[in-house]
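[1] dropping a prediction and its sequence here:
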Amino acid sequence: MTLYEIDTKISECIDCETGEVLDLDKLSGLAMEREIKLEGVALWIKNLEATAKAIKAERDVLKVREEQAEHKALMLREWLSGALDGEKMETPKVKVSYRKSTAVEVDDRLPKKWCSKKIVYTPDKVAIKTAIQNGKKIAGAKIVERQNIQIK
């Protein structure tokens, strides 16, 4: 039975106009069933959060391994390039060649006229909250009280 069905049956056990309990035994059983269902959902949430935490930890470990492998490949690529010194190499399993490319290198002496300006505006929520709490009205901002569920 779903929580919706349980809540509906609980409301059927109570007279809407007088508030009198019509079937106390049925109401007690439904209340217990509702509590078991809610407990199950709360435990499910804890399980999902633990799974997400474990996945994040594994992702962090894999990220470190990824960065190490990329760094090692870069170092070996530089070593191979130095060892070949521009020569091509080909075996039945691998082929190494070179291609020309161009890139712009920039140092600290570059005039500002060759730089693009990037301005990013982000709301300072701490300052906004403090100002509103001190009685200031700020268009486009308000303090909202929320109920955050905690499952332990």
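    Looks like it arrived, so ask away. Treat the numbers as computed from the prediction; the structure is a model and nothing was measured. Numbering: from 1, shown residues only.

[2] most distant residue from the centre of the chain?
    For the chain, the residue at maximal distance from the C-alpha centroid (C-alpha atoms, centre = their mean) is residue 18, at 48.6 Å.

[3] A helix includes residue 140, no?
    No: remark: residue 140 does not belong to a helix; assigned using DSSP: H, G, I helix; E, B strand; the rest coil, it is coil.

[4] so how far is residue 70 from it?
    Using C-beta to C-beta, to the nearest Å, residue 140 is found at 43 Å from residue 70. Every residue, glycine included, has its C-beta placed from N, CA and C.

[5] for residue 28, same thing?
    For residue 28, the distance to residue 70 - C-beta to C-beta - is 63 Å.

[6] one more: residue 54?
    Noted for residue 54: a distance of 25 Å to residue 70, by C-beta to C-beta.

[7] over to residue 97?
    22 Å.

[8] what about the helix or strand of the chain with the lowest mean pLDDT, distance to the chain center?
    Scoring the helices and strands of the chain by mean pLDDT, DSSP states H and E places helix 3-12 at the bottom, with a mean of 84. Relative to the centre of its chain, helix 3-12 is centred 35 Å away, using C-alpha atoms, centre = their mean, to the nearest Å.

[9] and that helix, what's buried?
    Using 16 or more other C-beta atoms under 10 Å as the test for burial, helix 3-12 gives 6, 9, 10.

[10] list the helices and strands the helix or strand that it is followed by packs on?
    Per DSSP states H and E, the first helix or strand lying C-terminal to helix 3-12 is helix 24-84. In terms of contacts (3 or more C-beta pairs under 8 Å, 6 or more residues apart in numbering; DSSP states H and E), helix 24-84 is packed against helix 3-12.

[11] residues in contact with the helix it packs on: which ones?
    1, 22, 26, 27, 30, 31, 33, 34, 37, 38 (C-beta atoms under 8 Å, 6 or more residues apart in numbering).

[12] so what's the last one closest to, chain neighbours aside?
    So that's residue 38. residue 3 (7.3 Å; C-beta to C-beta, 6 or more residues apart in numbering).

[13] tell me who's in contact with residue 86.
    Residue 86 touches residue 98, counting by C-beta under 8 Å, 6+ apart.
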